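**Q** What follows is a predicted structure for the sequence shown.
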Amino acid sequence: MVEQIRKINMVAQENFDRAQGMLDMLNEFYGLKLGWLAKRVVVFDNPDGSVAERYAHCHDAVTEYA
C-alpha cells in the first residue's frame, strides 16, 4: 500500500483531481479514511472528528504504513 500512496503523492503535484480520484479508490478498496494535507496523503487519528480534531492529529501516510 505504501507504493500506491507514494504514487498518489506524486500525481497530486501535477494533477490534484486525478490524485483525489485515486485516493478515493484506495479508501474505498481498503476501507480507510485517508485525507490530504499540503498535497500529501495523511492518516487521521480521529477521522470522524471535527476538522480541527482531524488535522490537529494527523500523520504522513507513507511513514505511517512503512
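**A** That came through, no problem. This one's a predicted model, so the numbers in the text were calculated from it and none came from an experiment.
**Q** Report the contact partners of Ile5.
**A** Contacts for Ile5 (CB atoms under 8 Å, 6 or more residues apart in numbering) come out as Leu26, Leu34, Val41, Ala61, Val62, Tyr65. Bear in mind the C-beta positions are built from the backbone N, C-alpha and C, glycine included.
**Q** Now name the helix or strand holding it.
**A** helix 2-14 (DSSP states H and E).
**Q** tell me which residues in that helix are buried?
**A** Gln4, Ile5, Ile8, Asn9, Val11, Ala12 (16 or more other CB atoms under 10 Å).
**Q** mind checking the longest strand of the chain?
**A** Looking across the chain with DSSP state E, the single longest strand is strand 40-44.
**Q** Flag every buried residue along the helix or strand Glu28 falls within.
**A** Applying DSSP H and E as the criterion places Glu28 in helix 16-30. Buried residues in helix 16-30, counting neighbours by 16+ other CB under 10 Å, are found at Ala19, Met22, Leu23, Leu26.
**Q** One more: stretch 51-63?
**A** For stretch 51-63, the neighbour count (16+ other CB under 10 Å) marks Arg54, Cys58, Asp60, Ala61, Val62 as buried.
**Q** can you give me the mean pLDDT across that stretch?
**A** Averaged over stretch 51-63, pLDDT sits at 96.
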